[in-house]
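Okay, here's the prediction I keep looking at, along with the sequence it came from:
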Amino acid sequence: MSEKVIKVVPVVKTEKVTEGVFSMWIKDKDLATAAKAGQFVSLYCNDGSQLLPRPISICEIDTKEETLRLVYRVVGKGTEEFSKMKAGDEIRVMGPLGNGFTLEGTEAILIGGGIGIPPMLQTAKSLHAQGVKVQVVLGYRDSDLFLKSEFEPYGSVIVSTEDGSVGTKGNVIDAIKANNVSGDVIMACGPMPMLRGIKAFAQENSIKAQISLEEKMACGIGACLACVCKSKDKDHHTNVNNKRICKDGPVFYAEEIEI
Amino acid sequence: MSEKVIKVVPVVKTEKVTEGVFSMWIKDKDLATAAKAGQFVSLYCNDGSQLLPRPISICEIDTKEETLRLVYRVVGKGTEEFSKMKAGDEIRVMGPLGNGFTLEGTEAILIGGGIGIPPMLQTAKSLHAQGVKVQVVLGYRDSDLFLKSEFEPYGSVIVSTEDGSVGTKGNVIDAIKANNVSGDVIMACGPMPMLRGIKAFAQENSIKAQISLEEKMACGIGACLACVCKSKDKDHHTNVNNKRICKDGPVFYAEEIEI
Amino acid sequence: MSVNMKVNIAGVEWNNPVTVASGTFGSGAEYSDFVDLNKIGAVTTKGVANVPWPGNPTPRIAETYGGMINAIGLQNPGIDLFVKRDIPFLREYKDTKIIVNVCGKSTEDYCEVVERLASEDVDMLEINISCPNVKEGGIAFGQDPKAVEAITKEMKKRAKQPVIMKLSPNVTNIAEMAKAAEAGGADALSLINTLTGMKIDIHRRAFAVANKTGGLSGPAIKPVAVRMVYQVAQAVNVPIIGMGGIMCAEDAIEFMMAGANAVSIGTANFHNPNVTLEVIEGMKKFCEKNGVKDINELVGCVK
Amino acid sequence: MSVNMKVNIAGVEWNNPVTVASGTFGSGAEYSDFVDLNKIGAVTTKGVANVPWPGNPTPRIAETYGGMINAIGLQNPGIDLFVKRDIPFLREYKDTKIIVNVCGKSTEDYCEVVERLASEDVDMLEINISCPNVKEGGIAFGQDPKAVEAITKEMKKRAKQPVIMKLSPNVTNIAEMAKAAEAGGADALSLINTLTGMKIDIHRRAFAVANKTGGLSGPAIKPVAVRMVYQVAQAVNVPIIGMGGIMCAEDAIEFMMAGANAVSIGTANFHNPNVTLEVIEGMKKFCEKNGVKDINELVGCVK
């Protein structure tokens, strides 16, 4: 908890990943040391018309270079502003925020869908580093397979595409079934319909599943209660079956939450 | 009228003139061709929290280089933003706006006070170029005599300072009296107390006086009626003794207006 | 794809649903240097009274975060000069409807202007019962439903053109005011006028506008405006001209989805004199991109 | 120069005139990672009801131009857990006053919480009769002067701590509401709560917050807040806690000059978790620079 910082940090590199998706590397020792796979940071905009921080998941952590890599889709004025930044610019950031994935299991199935793919990259690296067998399943719209090749050093990678242009036509569950992927833990990030499908798949197959949620956030630290999700048990904060995604999540065990 | 343009133009040079006062040269053929001494331009901010354009007087016009020089004091977030711009940046500008000084007389007394000094520079240049004898009187707070030396090629220059550190201690009228400056026309820009003093001085001495006013503006083109001043005669727009500074001014004959 | 952009507001067909907020555009002359007025659905004029009004002392405006405060005080040349000069000027633009904004200090003032306009070639009247910056008339009429209904009736008795009542947002219950105007016979409603605001210059220890308070406008207040347009659209059956902080085509679409049949652009004209045409073009593109064949399909589509 | 920053609000001395707007700061725990709570004049807690409230469906917030809309719906743990956990946590910060914000769906709900707090070690109560995001209670109490007076009286009958009534800005006449609260015995007033607003996501054709409407806050609305604080300061004699869009020390000073005896910082906490301390420091510097020996000198100095 006390590892959170808020500071202005240098941008050391930026890159267009694919149409509408950008990478930004920021350098800060505190952030890079404290960050874990599945956590996120809040980025603040320069333009005064946009006051709320943008929660962006951490794609890669480089403790040696003391950098974090953030990969995000441009969805509005804030992310558009970020996408125009260049190496040498500075950005105000708060983080690391939330709890990351629990690095567990012996045969992990890592699932990313769309802009939920980036946080799975550091997760793959971290699991691989501690000897877990990593099986990556990535869901794309079409043959624009951004980040896919970057996963390959850490395990097997299969893909689904909505248009069937590459891999299994359909969604990530279709790809898992088509390829008979099995494991003892699932870790996933992506759109809500995908996460619902994964929760159901995990229950049917009695596999433990960690899923990462997102919701509109204001404070990013658990105070404002904007980004809640329904939980099975009473939450410790309000005692009303509402977990705070920013603080209690963003990663939850699928059975803890109602989605 | 039809000479007004609104466009994004390149900033070709910026410079700190003195503490809190900055120069910006912008390049645009249309603007540089149409602009006249005593007119102003509206500069727009990038930051979305500040929507209204900033009216900035034109300090110099270089028709050969097709540039305008704008000299302004940092008084808020908008002018602060401008002060951080660098050569190569772009800025949205509308202009030239208002009517400049009428270049007339044979022996002109040009008076500038504080941040009213910049527009008098192009006025001095233009009058000098058409053979009018130029006598410049500049009012400063102290020995920080910004822009003074730039007037010297075009005529005599005397100064007043509030603290008496240079020239006549007191105001511009004190300096005029102390130096027995005389002429057949006064052109002036500066703070309201100075302009009131000049109006009275001009009346007493039966000298024609053109004075440049300022007021908070919104549209900058005469539509919103924010920046009016009281006029002796009915104004042609509303028929109520209210001249629009942005459109009917900013330069008026002193006897036309009540200040 | 061709998109129908025409809208019908109380029997008057506009070529597109965009007009300008009264007071931000004069009678169009100053903006005609930048904008082809023929391309705007309608021009709404600065408020005009029975006699010339000098308006308030300066400073009359102050910038605020994402907006501005104004207290112009309805400076206007009076109906005589207006009829002689401004109507003929605007009528030259054959494709554009003319909406004359009418202001007054008493019911009699309003009546006089409306009667005077009965024989003039203008398309609609907008009755400003919501200006926060004049001591008498203006907003006082707009904050009491009985007064709203009564003055609407007086206007309708005399007007030869459709009557748009412009509502004040400085009320507890905007739907109640809208219903009162509808009950009085209003042909259309426009909202919102400005929110009453204040700014203090802490260094001078003085009010930033001489009138102490002024009307807050700009994108800062858009969420209040959208909410009120939505509430009014649920409450009445007359057409609504929505306004309050529209800066771009997306904002205009938002108002239409909330229930506005047309929109007005105000403060944005100060930020970008070309904004009206950019909004019209952008709305058309939005429709093309989203398969909307008729812009009217969007009206009130979010419930 | 040493500057007196202490203010006395209804008999309670704060070390400085800065607190936080209820709901933006939880009970302080989350912000204590960034801010030494001992340095804030008072911490105003998230609203607490007699029983736990789950709040509204998500999305609960949306960003707007220079502000945000929220419709959290007063999710809170109820008074039992609050008393057990949050009060002892805050009491550790000896220099900081505790203001408990109280919410309810009925007069009885409010009474129950206030009675429960009578025996607790807290410094002041703020009664939220102005939340726009709950169906019953909340704002309904705050838009009718008779209801304001009646509930204030009920609170005063039961409260052992000074009672601050928090007023809604969604009214025609804020001074009337303030006078009603004063007549009911309010020890202080706080204003403004949020303006009711709406945002539509035009691409999804849906309301941006699930509750349709939400409370608009942030610097966008500051001019409305300053105006209302000024109007209330002219109308009543009880202390005022001013809020609405304060982002920096200059904004806080502006509220005090308009008539606020203290200020609350809300939305700005989301933009900058350190903002409270920066505002306190900045206010002190403003006083030093301008020869103000006692911050209370600024209160209502612009008339």
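Yep, it's here.

Pull the contacting residues for C:Leu81.
Residues near C:Leu81 by Cβ atoms under 8 Å, 6 or more residues apart in numbering or on different chains: B:Asn239, C:Pro52. Every residue, glycine included, has its C-beta placed from N, CA and C.

typed the wrong thing, it's C:Thr152
C:Ile127, C:Val163, C:Met165, C:Ala180, C:Ala181, C:Ala183, C:Gly184, C:Gly185, C:Ala186.

7 Å - rerun?
Counting by Cβ atoms under 7 Å, 6 or more residues apart in numbering or on different chains, C:Thr152 touches C:Met165, C:Ala181, C:Gly184, C:Gly185, C:Ala186.

what two of those residues have the greatest distance between them?
In those, two members sit farther apart than any others by Cβ to Cβ. They are C:Met165 and C:Gly185, at 9.4 Å.

which one of those two has more residues nearby?
A direct count of neighbours by other Cβ atoms under 10 Å in any protein chain shown for C:Met165 and C:Gly185 places C:Met165 higher, at 32 against 17.

Touching, the more buried one and C:Ala183? I think so.
No - look at C:Met165 against C:Ala183 with Cβ atoms under 7 Å: they stay out of range, at 10.9 Å.

Give me the neighbour count for whatever residue of the stretch 51-200 of chain C ends up closest to chain A.
Closest residue of the stretch 51-200 of chain C to chain A, Cβ to the nearest Cβ: C:Gly66 (5.8 Å). C:Gly66 has 30 neighbours, counted by other Cβ under 10 Å.

got the contact list for the residue of the stretch 1-150 of chain A found nearest chain D?
Closest residue of the stretch 1-150 of chain A to chain D, Cβ to the nearest Cβ: A:Leu51 (4.4 Å). Shown in contact with A:Leu51 (Cβ under 7 Å, 6+ apart): D:Met68, D:Gly218, D:Thr267, D:Phe270, D:His271.

what's the pLDDT at it?
Looking at A:Leu51, its pLDDT reads 97.

try A:Glu60
97.

Just give me the neighbour total for it.
A:Glu60: 20 neighbours (other Cβ under 10 Å).

Spatially nearest residue to it, not counting backbone neighbours?
A:Arg69 (3.9 Å; Cβ to Cβ, 6 or more residues apart in numbering or on different chains).

can you list the residues of the stretch 101-250 of chain C near chain B?
Within the stretch 101-250 of chain C, the positions near chain B by Cβ under 7 Å from any Cβ of the partner chain are C:Gly218.

residue contacts, the residue of the stretch 151-259 of chain A found nearest chain B?
Relative to chain B, the nearest point of the stretch 151-259 of chain A is A:Ala218 (18.5 Å; Cβ to the nearest Cβ). Listed by Cβ under 7 Å, 6+ apart, the contact set of A:Ala218 reads A:Leu52, A:Cys224, A:Ala226, D:Ile61, D:Met68, D:Phe270.

Tell me the secondary structure at the nearest residue to the first one once chain neighbours are set aside.
In space, not counting the residues next to it along the chain, A:Leu52 is nearest to D:Glu63; the distance is 4.9 Å by Cβ to Cβ, 6+ apart. Under the three-state scheme (DSSP: H, G, I helix; E, B strand; the rest coil), D:Glu63 adopts strand.

just checking, D:Glu63 touches A:Ser49?
No - here D:Glu63 does not reach A:Ser49: they are 9.1 Å apart, not a contact under Cβ under 7 Å.

who does the helix or strand hosting A:Lys230 touch, helix- and strand-wise?
Using DSSP states H and E, the element containing A:Lys230 is strand A:228-231. Judged by 3 or more Cβ pairs under 7 Å, 6 or more residues apart in numbering or on different chains; DSSP states H and E, the packing partners of strand A:228-231 are strand A:242-244, strand A:257-258.

now, of those strands, which is deepest in the fold?
strand A:242-244 (a mean of 25; mean count of other Cβ atoms under 10 Å in any protein chain shown).

for the helix or strand that comes right after it, what is the average pLDDT?
Downstream of strand A:242-244, the first helix or strand assigned by DSSP H and E is strand A:251-253. Summarised as a single mean, pLDDT over strand A:251-253 is 97.

buried stuff in strand A:251-253?
Buried residues in strand A:251-253, counted by 16 or more other Cβ atoms under 10 Å in any protein chain shown: A:Val251, A:Phe252.
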